[in-house]
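Asker: requesting a structural model of the entry that follows:
(2 chains)
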Amino acid sequence: QQPVQSPQAVILREGEDAVINCSSSKALYSVHWYRQKHGEAPVFLMILLKGGEQKGHEKISASFNEKKQQSSLYLTASQLSYSGTYFCGTVGDSSTSYGKLTFGQGTILTVHP
Amino acid sequence: GAVVSQHPSRVICKSGTSVKIECRSLDFQATTMFWYRQFPKQSLMLMATSNEGSKATYEQGVEKDKFLINHASLTLSTLTVTSAHPEDSSFYICSASSLAEPYNEQFFGPGTRLTVL
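Answerer: Numbering: from 1, shown residues only, chains lettered A, B, ... in the order given. A predicted model of the protein is given here:
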(Lines give C-alpha, C1' and ligand atoms only; values in the text may rest on other atoms or scores of the structure.)
Protein backbone atom coordinates (compact mmCIF):
# COMPACT_ATOMS: atom_id res chain seq x y z
CA GLN A 1 0.00 0.00 0.00
CA GLN A 2 1.26 3.41 -1.01
CA PRO A 3 2.27 5.78 1.82
CA VAL A 4 0.40 9.07 1.93
CA GLN A 5 2.31 12.34 1.72
CA SER A 6 1.15 15.74 2.83
CA PRO A 7 0.89 18.43 1.75
CA GLN A 8 0.55 17.76 -1.98
CA ALA A 9 2.24 21.04 -2.82
CA VAL A 10 4.14 23.79 -1.02
CA ILE A 11 5.15 27.25 -2.23
CA LEU A 12 7.91 29.04 -0.33
CA ARG A 13 10.08 32.11 -0.56
CA GLU A 14 13.80 31.68 -0.18
CA GLY A 15 14.79 31.32 3.44
CA GLU A 16 11.45 29.91 4.61
CA ASP A 17 11.03 26.49 6.19
CA ALA A 18 8.84 23.57 5.20
CA VAL A 19 7.81 20.20 6.58
CA ILE A 20 6.71 17.27 4.43
CA ASN A 21 4.96 14.34 6.05
CA CYS A 22 4.75 10.69 5.07
CA SER A 23 2.32 8.27 6.67
CA SER A 24 2.03 4.52 6.19
CA SER A 25 -0.67 2.04 7.13
CA LYS A 26 1.81 -0.80 7.70
CA ALA A 27 4.72 -1.42 10.02
CA LEU A 28 7.90 -0.01 8.60
CA TYR A 29 11.56 -1.03 8.62
CA SER A 30 12.83 2.14 7.00
CA VAL A 31 11.81 5.38 5.33
CA HIS A 32 13.76 6.84 2.40
CA TRP A 33 13.45 10.40 1.15
CA TYR A 34 14.25 11.53 -2.40
CA ARG A 35 14.00 14.73 -4.40
CA GLN A 36 13.29 14.61 -8.12
CA LYS A 37 13.70 17.41 -10.60
CA HIS A 38 11.65 17.38 -13.79
CA GLY A 39 12.88 14.78 -16.26
CA GLU A 40 15.56 13.45 -13.93
CA ALA A 41 15.93 10.43 -11.68
CA PRO A 42 15.32 10.75 -7.93
CA VAL A 43 18.22 11.98 -5.83
CA PHE A 44 18.81 10.44 -2.42
CA LEU A 45 18.29 12.69 0.60
CA MET A 46 17.97 10.53 3.68
CA ILE A 47 17.26 7.10 5.10
CA LEU A 48 15.77 6.54 8.53
CA LEU A 49 15.81 3.08 10.02
CA LYS A 50 13.67 1.46 12.65
CA GLY A 51 15.65 1.80 15.84
CA GLY A 52 16.87 5.31 15.22
CA GLU A 53 19.75 5.08 12.77
CA GLN A 54 19.92 7.68 10.04
CA LYS A 55 21.97 8.38 6.99
CA GLY A 56 21.68 11.56 5.03
CA HIS A 57 22.93 15.00 4.09
CA GLU A 58 24.02 17.56 6.64
CA LYS A 59 21.48 20.20 5.71
CA ILE A 60 18.51 17.87 5.62
CA SER A 61 16.83 16.55 8.72
CA ALA A 62 14.01 14.13 9.23
CA SER A 63 12.21 12.18 11.90
CA PHE A 64 10.71 8.70 12.00
CA ASN A 65 8.01 7.74 14.48
CA GLU A 66 7.94 3.96 14.29
CA LYS A 67 4.84 3.56 16.43
CA LYS A 68 2.82 5.96 14.33
CA GLN A 69 4.43 4.73 11.10
CA GLN A 70 5.10 8.31 10.15
CA SER A 71 8.07 10.29 8.95
CA SER A 72 8.63 13.99 8.41
CA LEU A 73 11.24 15.78 6.32
CA TYR A 74 12.36 19.19 7.52
CA LEU A 75 13.65 21.73 5.03
CA THR A 76 15.07 24.81 6.70
CA ALA A 77 16.22 28.09 5.19
CA SER A 78 15.06 26.93 1.77
CA GLN A 79 17.06 27.71 -1.34
CA LEU A 80 15.96 27.92 -4.96
CA SER A 81 17.70 24.59 -5.57
CA TYR A 82 15.31 22.89 -3.15
CA SER A 83 12.51 23.12 -5.71
CA GLY A 84 11.34 19.77 -6.99
CA THR A 85 9.09 16.87 -6.13
CA TYR A 86 9.84 15.12 -2.86
CA PHE A 87 9.03 11.45 -2.48
CA CYS A 88 9.10 9.28 0.55
CA GLY A 89 9.69 5.59 0.00
CA THR A 90 8.88 3.04 2.65
CA VAL A 91 10.23 -0.45 3.26
CA GLY A 92 7.87 -2.71 5.18
CA ASP A 93 8.90 -4.57 8.27
CA SER A 94 8.28 -8.08 6.99
CA SER A 95 10.36 -10.67 5.19
CA THR A 96 8.32 -10.30 2.02
CA SER A 97 8.96 -6.56 1.96
CA TYR A 98 12.74 -6.85 2.17
CA GLY A 99 14.35 -4.06 0.25
CA LYS A 100 11.23 -3.12 -1.70
CA LEU A 101 10.48 0.58 -1.75
CA THR A 102 6.91 1.78 -2.05
CA PHE A 103 6.77 5.44 -2.95
CA GLY A 104 4.29 8.07 -1.86
CA GLN A 105 2.51 10.22 -4.40
CA GLY A 106 5.00 13.06 -4.03
CA THR A 107 4.99 16.63 -2.70
CA ILE A 108 5.75 19.44 -5.14
CA LEU A 109 7.93 22.10 -3.53
CA THR A 110 8.43 25.43 -5.26
CA VAL A 111 10.84 28.02 -3.90
CA HIS A 112 10.59 31.58 -5.22
CA PRO A 113 13.23 34.32 -4.91
CA GLY B 1 29.34 6.91 -3.83
CA ALA B 2 27.73 4.08 -5.74
CA VAL B 3 26.99 4.81 -9.38
CA VAL B 4 24.31 3.22 -11.53
CA SER B 5 24.11 3.86 -15.25
CA GLN B 6 21.29 3.27 -17.70
CA HIS B 7 21.41 2.99 -21.45
CA PRO B 8 19.91 4.39 -23.54
CA SER B 9 18.78 7.62 -21.90
CA ARG B 10 16.12 8.17 -24.53
CA VAL B 11 14.57 5.88 -27.10
CA ILE B 12 11.86 6.39 -29.68
CA CYS B 13 10.46 3.33 -31.38
CA LYS B 14 7.58 2.25 -33.57
CA SER B 15 4.64 0.37 -32.17
CA GLY B 16 5.22 -3.38 -32.21
CA THR B 17 8.97 -3.29 -31.82
CA SER B 18 10.97 -4.41 -28.81
CA VAL B 19 13.24 -2.18 -26.79
CA LYS B 20 16.04 -3.24 -24.43
CA ILE B 21 17.16 -1.04 -21.54
CA GLU B 22 20.39 -1.77 -19.68
CA CYS B 23 21.09 -0.99 -16.05
CA ARG B 24 24.65 -1.27 -14.75
CA SER B 25 26.16 -0.84 -11.34
CA LEU B 26 29.57 0.67 -12.06
CA ASP B 27 31.45 0.43 -8.79
CA PHE B 28 29.70 -2.17 -6.67
CA GLN B 29 28.11 -5.57 -6.94
CA ALA B 30 24.35 -5.27 -7.00
CA THR B 31 22.73 -8.34 -5.49
CA THR B 32 19.31 -6.87 -6.21
CA MET B 33 18.07 -4.57 -8.93
CA PHE B 34 14.69 -2.93 -9.13
CA TRP B 35 12.80 -1.61 -12.13
CA TYR B 36 10.36 1.27 -11.80
CA ARG B 37 8.04 3.02 -14.20
CA GLN B 38 6.96 6.61 -13.83
CA PHE B 39 4.21 8.27 -15.84
CA PRO B 40 4.12 12.09 -16.09
CA LYS B 41 3.30 13.80 -12.81
CA GLN B 42 2.97 10.48 -11.03
CA SER B 43 5.00 8.57 -8.52
CA LEU B 44 7.48 5.79 -9.19
CA MET B 45 5.78 2.42 -9.39
CA LEU B 46 7.81 -0.70 -8.78
CA MET B 47 7.53 -3.11 -11.69
CA ALA B 48 9.80 -5.94 -10.64
CA THR B 49 12.64 -7.01 -8.41
CA SER B 50 15.49 -9.06 -9.79
CA ASN B 51 18.22 -10.95 -8.01
CA GLU B 52 21.34 -12.06 -9.82
CA GLY B 53 20.96 -15.50 -11.32
CA SER B 54 17.30 -15.97 -10.51
CA LYS B 55 13.96 -15.10 -12.05
CA ALA B 56 12.54 -11.66 -11.47
CA THR B 57 9.61 -11.13 -9.13
CA TYR B 58 6.94 -9.00 -10.76
CA GLU B 59 4.50 -6.72 -8.98
CA GLN B 60 0.80 -7.31 -9.34
CA GLY B 61 -0.52 -6.08 -12.66
CA VAL B 62 2.85 -6.13 -14.46
CA GLU B 63 2.94 -8.55 -17.39
CA LYS B 64 6.06 -10.66 -17.12
CA ASP B 65 5.83 -11.75 -20.75
CA LYS B 66 5.77 -8.15 -21.89
CA PHE B 67 8.48 -6.81 -19.61
CA LEU B 68 11.33 -9.31 -19.72
CA ILE B 69 13.97 -8.87 -17.06
CA ASN B 70 17.36 -10.54 -17.07
CA HIS B 71 19.82 -10.10 -14.22
CA ALA B 72 22.72 -12.01 -15.70
CA SER B 73 25.51 -10.70 -13.50
CA LEU B 74 26.10 -8.72 -10.33
CA THR B 75 26.56 -5.56 -12.37
CA LEU B 76 24.00 -5.82 -15.16
CA SER B 77 20.26 -6.10 -15.43
CA THR B 78 18.22 -5.60 -18.59
CA LEU B 79 14.59 -4.76 -19.14
CA THR B 80 13.12 -5.62 -22.54
CA VAL B 81 9.79 -4.11 -23.45
CA THR B 82 8.39 -6.51 -26.02
CA SER B 83 5.92 -5.47 -28.70
CA ALA B 84 5.83 -1.95 -27.34
CA HIS B 85 2.68 0.14 -27.72
CA PRO B 86 2.07 3.86 -27.14
CA GLU B 87 0.67 3.16 -23.66
CA ASP B 88 4.12 1.78 -22.71
CA SER B 89 5.62 5.24 -23.22
CA SER B 90 7.02 6.20 -19.85
CA PHE B 91 10.13 6.98 -17.83
CA TYR B 92 11.80 3.74 -16.79
CA ILE B 93 14.21 3.90 -13.86
CA CYS B 94 16.34 1.16 -12.39
CA SER B 95 17.93 1.03 -8.99
CA ALA B 96 20.46 -1.27 -7.43
CA SER B 97 21.21 -2.36 -3.92
CA SER B 98 23.66 -4.62 -2.20
CA LEU B 99 23.30 -6.96 0.73
CA ALA B 100 26.48 -5.37 1.98
CA GLU B 101 24.65 -2.06 2.28
CA PRO B 102 23.36 -1.90 5.86
CA TYR B 103 20.82 0.81 5.17
CA ASN B 104 19.22 -1.01 2.24
CA GLU B 105 19.92 2.09 0.23
CA GLN B 106 18.90 1.91 -3.38
CA PHE B 107 21.10 3.70 -5.89
CA PHE B 108 19.11 4.99 -8.82
CA GLY B 109 20.11 5.17 -12.44
CA PRO B 110 19.43 8.31 -14.49
CA GLY B 111 16.37 6.80 -16.17
CA THR B 112 15.33 5.97 -19.73
CA ARG B 113 12.60 7.94 -21.48
CA LEU B 114 10.71 5.58 -23.83
CA THR B 115 8.41 7.00 -26.48
CA VAL B 116 6.43 4.56 -28.60
CA LEU B 117 4.94 6.03 -31.76
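Asker: now do the phi/psi pair for residue B:4.
Answerer: Main-chain dihedrals, residue B:4, degrees, to the nearest 10: phi -120, psi 130.
Asker: who are the neighbours in contact with it?
Answerer: B:23-26, B:30, B:94-96, B:107-109 (Cβ atoms under 8 Å, 6 or more residues apart in numbering or on different chains). From N, CA and C alone the C-beta is placed, and that goes for glycine too.
Asker: give me the nearest residue to the residue nearest the centre of chain B, chain neighbours excluded.
Answerer: The centre of chain B sits closest to residue B:35, judged by Cα atoms, centre = their mean, with a distance of 3.4 Å. Counting by Cβ to Cβ, 6 or more residues apart in numbering or on different chains, residue B:35 lies nearest to residue B:47, which is 4.6 Å off, once chain neighbours are set aside.
Asker: equivalent analysis for residue B:65, please.
Answerer: residue B:82 (7.3 Å).
Asker: count the residues that sit near the one you found.
Answerer: Using other Cβ atoms under 10 Å in any protein chain shown, residue B:82 has 15 neighbouring residues.
Asker: what is the burial count for residue 37?
Answerer: Since you didn't name a chain, this refers to chain A. 12.
Asker: wrong one, chain B
Answerer: Neighbour number of residue B:37 under other Cβ under 10 Å is 21.
Asker: residue ranges of the strands in chain A, please?
Answerer: When assigned using DSSP state E, the strands of chain A occupy the ranges A:4-6, A:9-13, A:18-23, A:28-36, A:43-49, A:54-56, A:61-65, A:70-75, A:84-92, A:102-103, A:107-112.
Asker: sorry, wrong one. I was asking about chain B.
Answerer: Per DSSP E, chain B carries strands over the ranges B:4-7, B:10-13, B:19-25, B:32-38, B:45-51, B:57-58, B:67-73, B:76-81, B:90-97, B:107-108, B:112-116.
Asker: mind checking which of the ones you listed is nearest residue A:81?
Answerer: strand B:107-108 (18.6 Å; Cβ to Cβ).
Asker: the closest one pairs with which strands?
Answerer: Partner strands for strand B:107-108, per DSSP bridges, with pairing direction: strand B:90-97 (antiparallel).
Asker: list of residues touching the strand it pairs with?
Answerer: A:39, A:41-42, A:99, A:101, B:2, B:4, B:6, B:21, B:23, B:25, B:28, B:30-39, B:44, B:77, B:79, B:81, B:104-109, B:111-114.
Asker: which members of these are classed as buried?
Answerer: Neighbour counting with 16 or more other Cβ atoms under 10 Å in any protein chain shown marks A:41-42, A:99, A:101, B:2, B:4, B:6, B:21, B:23, B:25, B:28, B:30-38, B:44, B:77, B:79, B:81, B:104-109, B:111-112, B:114 as buried within the contacts of strand B:90-97.
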